[in-house]
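**Q** here is my input, please return the structure:
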Amino acid sequence: MMDFSLTEEQRTLQDTVRRFAEGELIDVARECEEKDEPPPLDILKKFANMGLLGVNIPEDLGGVGMSHMDAVLVLEEVGRISAAVAFPIFESCFGPILAVAHFAPDELRRRIVPKVCSGDMIVAVAMSEPNAGTALTDLTTKAEVKGDKIVINGQKRWCSGAGHSDGYVVYCRFSDESGAKGIGAVFVEKGANGFSFGKREQNMGFRGIHHADMYFDNVELPIENMIVPAGGFRKLMEAFDLERCGNTTMSLAIAQSAFDYVLSYVQEREQFGKPIVDFQAVQLHLAEMKMKLDASRLMLYRAVINAESGLPSVGESSIAKCFANEIVREVTGKCMQLMGGYGYSKEYPIEQKMRDGWAWGIAGGAIDIQKTNIAAALIGRRFSQRS
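**A** Here you go, the predicted structure:
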């Protein structure tokens, strides 16, 4: 028999994080939005002390040692407040640190992962390049092994956390083999000689999350900083399947928080002498949004529960991400429409939620790419997009 209810421990975790987020993070989120800066370091330390970083990372690596499902519950509650304040939790539970935790040599794992879980280090991923976004296997950032050193040359783009994060999981090409075969990843710390950043991108949403180009000019790294060598692209993508579940959670959190806000609004706002919730058209919108939210949550829970302590399947994680990316746009749009001019105003939260929600369908693999992943999982083979 399937049980769709949370355990008592999970409900307690959810309630505890919700009370903390609503009580202490709203003003922090507002400051992140207004100043376009990440949350301060004392918030990361507070996250760490509460066990909100590395929720699903093994205890022997400094994590909490709980399940992916528990990490989803934590991330959703903080993500309802804002993407910026939740981003450190996203990165520590679903981000590139997973590639380090699962696949890096033991020395590198133990040097990096505990620092992320303690709030002493933020790690971001550097994948995309000017001519290698969706076509990621076209990347040209070059890694040459020279004795006990790795030398990196190239450029990265669209890195969330660029310039702010302390370390980067950098996808690069170790050999002249085309496509995925020559690709691996290295760990590059901020401040390495020859490693620099371009000017910060000014984006429509994701305020409080830095983005910038990254440049590698003969950056020398010790050989111990290699996460996976050439041929490790498949492993990197396996870790990225769990990142999709984090992306799904952030999309769902934004959609749910917009819905919760508007559900209260339509019961208070009056027109023609009665609350607008009494109009059938409003009721239909509410019902449609609620159905989409519940369906999205079930797809997410399926993906993470089936993964248990491992990594989810590309099919289930892509289904969850794709659906959540679409419904967050739909739900925030309906919420704005129900609020009319108030929804469009910066004095109210919906316009920010729409801006932030839209971005998750671009980040981590665009919506249409998820659909090709889903089709590939159905057929049992990858579809080449090349001519």
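
**Q** C-alpha only now, for contacts and for neighbours.
**A** Fine.

**Q** which positions in the longest helix along the chain come out as buried?
**A** Secondary structure of the chain per DSSP state H: the longest helix is helix 233-268. By 16 or more other CA atoms under 10 Å, the buried positions in helix 233-268 come out as 233, 236, 238-259, 262-263, 265-266.

**Q** do the same with stretch 90-110
**A** 90-104, 108-110.

**Q** next secondary structure after the longest helix of the chain?
**A** strand 270-271 (DSSP states H and E).

**Q** adjacent strands (with direction) for that following strand?
**A** Here strand 270-271 is paired, per DSSP bridges, with strand 274-275 (antiparallel).

**Q** next SSE after the partner strand?
**A** helix 280-307.

**Q** just the angle for the longest helix of the chain relative to helix 280-307, thanks.
**A** 150 degrees (axes from the mean of the first three to the mean of the last three CA atoms, to 10 degrees).

**Q** against which helices or strands is helix 233-268 packed?
**A** If you count contacts as 3 or more CA pairs under 8 Å, 6 or more residues apart in numbering; DSSP states H and E, helix 233-268 packs onto helix 68-79, helix 83-94, helix 97-103, strand 183-189, strand 274-275, helix 280-307, helix 314-339, helix 350-359.

**Q** the next helix or strand after the last one: how far from the chain's middle?
**A** Think helix 350-359. Counting by DSSP H and E, the element after helix 350-359 in chain order, helix or strand, is helix 367-379. Computed by CA atoms, centre = their mean, to the nearest Å, the chain-centroid distance of helix 367-379 equals 19 Å.

**Q** please apply the same query to stretch 32-42.
**A** 17 Å.

**Q** what comes up buried for that stretch?
**A** 32-33, 36-39.

**Q** OK, contacts around the residue most central in space within the chain?
**A** Closest residue to the average C-alpha location of the chain: Asn247 at 4.2 Å, with CA atoms, centre = their mean. Shown in contact with Asn247 (CA atoms under 8 Å, 6 or more residues apart in numbering): 321, 360, 363-364.

**Q** can you list the helices and strands packed on helix 233-268 in a markdown table and add mean pLDDT and distance to Ala375?
**A** As requested, these are exported to a markdown table (pLDDT from 0 to 100; distance: least, CA to CA, whole Å):
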| stretch | mean pLDDT | distance to Ala375 |
| --- | --- | --- |
| helix 68-79 | 97 | 25 |
| helix 83-94 | 96 | 24 |
| helix 97-103 | 92 | 25 |
| strand 183-189 | 96 | 25 |
| strand 274-275 | 97 | 45 |
| helix 280-307 | 96 | 17 |
| helix 314-339 | 96 | 8 |
| helix 350-359 | 96 | 23 |
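
**Q** excluding its backbone neighbours, what's nearest Ile254?
**A** Arg80 (5.4 Å; CA to CA, 6 or more residues apart in numbering).

**Q** for the stretch 101-250 of the chain, what spans make up the helices?
**A** 106-117, 233-268 (DSSP state H, counting those that start in this stretch).

**Q** dump those to TSV, plus mean pLDDT and distance to Ala375.
**A** Putting the helices of the stretch 101-250 of the chain into TSV (pLDDT from 0 to 100; distance: least, CA to CA, whole Å) gives the following:
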stretch	mean pLDDT	distance to Ala375
helix 106-117	97	35
helix 233-268	94	16
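
**Q** can you check which of the ones you listed gets nearest to Val17?
**A** helix 233-268 (13.4 Å; CA to CA).

**Q** list phi and psi for Ser345.
**A** phi -80, psi 140 (degrees, to the nearest 10).

**Q** show me the contacts for the residue lying closest to it once chain neighbours are set aside.
**A** Computed as CA to CA, 6+ apart, the closest residue to Ser345 that is not its neighbour in sequence is Glu351, at 6.8 Å. For Glu351, the contacting residues are 336, 343-345, by CA under 8 Å, 6+ apart.

**Q** of these, buried ones?
**A** So, of these, 336, 343-344 end up buried under the neighbour-count rule (16+ other CA under 10 Å).

**Q** so what's Ser160 bridging to?
**A** His211.

**Q** count of residues packed around it?
**A** 20 (other CA atoms under 10 Å).

**Q** name all residues that make contact with it.
**A** Per CA under 8 Å, 6+ apart, neighbours of Ser160: 124-125, 209-212.

**Q** of those, closest to Ile379?
**A** Using CA to CA, the contacts of Ser160 come closest to Ile379 at Val125, 30.0 Å.

**Q** so Glu22 touches Ile81, yeah?
**A** Yes: with contacts counted by CA atoms under 8 Å, Glu22 reaches Ile81, the gap being 7.3 Å.

**Q** those two: who's more crowded?
**A** Each of Glu22 and Ile81 has its neighbours counted (other CA under 10 Å); Ile81 has more, 24 against 14.

**Q** identify the residue spatially nearest to the more buried one, adjacent ones excluded.
**A** Ile26 (6.3 Å).

**Q** could you measure from that neighbour over to Pro349?
**A** To Pro349, Ile26 is 11 Å away according to CA to CA, to the nearest Å.

**Q** so who does Ala258 touch?
**A** 331-332, 335, 349-350, 353.

**Q** quick one: it from Asp356, how far?
**A** Taken as CA to CA, the span from Ala258 to Asp356 is 11 Å.
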